[in-house]
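1. okay, predicted coordinates and the sequence, questions at the end:
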Amino acid sequence: MERVDFGWDDYWAEVFRVKYRLSIPGIQQYDEMVVDFCVDALSLRKGKKLLDIACGAGDQSILFAKRGIAVCGFDLSAKLIEVAKAKSGEANLEIDFSTGDMREINFKSQFDAAVLLSHSFGFFNHDENKRVLDGSFNALVKGGKILLDLMNPYNLPRFQKTWTKLEDGFLLSEPHVLDAPAGVLRGRPASFIDVANSRIVEMNEDALAGNDIRMYTALEIKEMLRQVGFSKIELYGQNKLPKMPYAANSERMVVVATK
């Protein structure tokens, strides 16, 4: 088989965030639970304005919009935004989807709430990660809230190499590896056996660049939020209702901060 490599937006964004995501059992029910939690934790009501940062293919954005929330979602991947626009059109929903870099958020006091779901925080160095929070803070109205849905650094999943059958081939994902001294979750290289085109697709440097995630502790993330200007900061141990207190063995680390 021929071996080729592609970048994130060229190929891998759709493989992971659309095709692979659809193969996860119960993913639609999971999305519903996450959105229900966010609506409760952020006191969202019909007509409220929500900024969905790193919205991917728009799965949660669409569920928020179905609840009457005015959603603005953006993602770095133009391909994923194309998919999100198509989905929202099929659902007859008006959602403001666009491409954008979370380090360059330039909204000013426009949103009642903002979310970063599915551990979409920590992809950059510390200063750049702080810029994401700075931009989010500026985008919110006074009293607005941000919600970060993160993996719990003290209770990470047991990552394993996996083979997944997708519609046109097989996805091989290597496991994440925790670089403890750096506080960074390294990974995850992947290959796709593209049966339809008789080739093996691998990740190029562009696709691999976004694989590392800085794993902040609760103490660190709270300090960053305070430095940016957020006041009340709450921690929860799962991203579904009922709200549970955060602990070392919690399933997730969900952070809610108020401007």
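-> All right, it came through fine. Numbers count the residues shown, from 1 in each chain.
2. is it fair to say C55 lies in a helix?
-> No - secondary structure of C55 (DSSP: H, G, I helix; E, B strand; the rest coil): coil, not part of a helix.
3. contacts only, for it.
-> Neighbour list for C55: 61, 73-75, 80, 84, 97 [criterion: Cβ atoms under 8 Å, 6 or more residues apart in numbering]. Every residue, glycine included, has its C-beta placed from N, CA and C.
4. repeat that for L140.
-> Neighbouring residues of L140 by Cβ under 8 Å, 6+ apart: 51, 109, 111-114, 146, 259.
5. where's it relative to I53, distance?
-> Separation of L140 from I53 (Cβ to Cβ, to the nearest Å) stands at 12 Å.
6. and the next helix or strand past the helix or strand A65 falls within?
-> Applying DSSP states H and E as the criterion places A65 in helix 59-66. Downstream of helix 59-66, the first helix or strand assigned by DSSP H and E is strand 70-75.
7. which outside residues touch that next one?
-> Strand 70-75 is contacted from outside by 47-56, 58, 61, 64-65, 81, 84, 95-100, 102, 111, using Cβ under 8 Å, 6+ apart.
8. what mean pLDDT would you report for that strand?
-> Strand 70-75 comes out with an average pLDDT of 98.
9. helix 59-66 and the helix or strand just after it, what's the angle between them?
-> Where DSSP H and E defines the elements, the next helix or strand beyond strand 70-75 is helix 78-90. Counting by axes from the mean of the first three to the mean of the last three Cα atoms, to 10 degrees, helix 78-90 lies at 30 degrees to helix 59-66.
10. could you name the helices and strands sitting against helix 78-90?
-> Applying 3 or more Cβ pairs under 8 Å, 6 or more residues apart in numbering; DSSP states H and E, we find helix 78-90 packed against helix 13-14, helix 59-66, strand 70-75, strand 96-99.
11. helices of the chain, start to end?
-> Per DSSP state H, the chain has helices spanning 13-14, 21-22, 27-41, 59-66, 78-90, 126-139, 205-209, 218-228. These are given in chain order.
12. how far does the third one sit from its chain's centre?
-> Taking Cα atoms, centre = their mean, to the nearest Å, one finds the center of helix 27-41 at 14 Å from the center of the full chain.
13. only the buried residues of that helix, if you could.
-> Using 16 or more other Cβ atoms under 10 Å as the burial criterion, the residues of helix 27-41 that qualify are 31, 34-35, 37-39, 41.
14. appreciated, that's everything.
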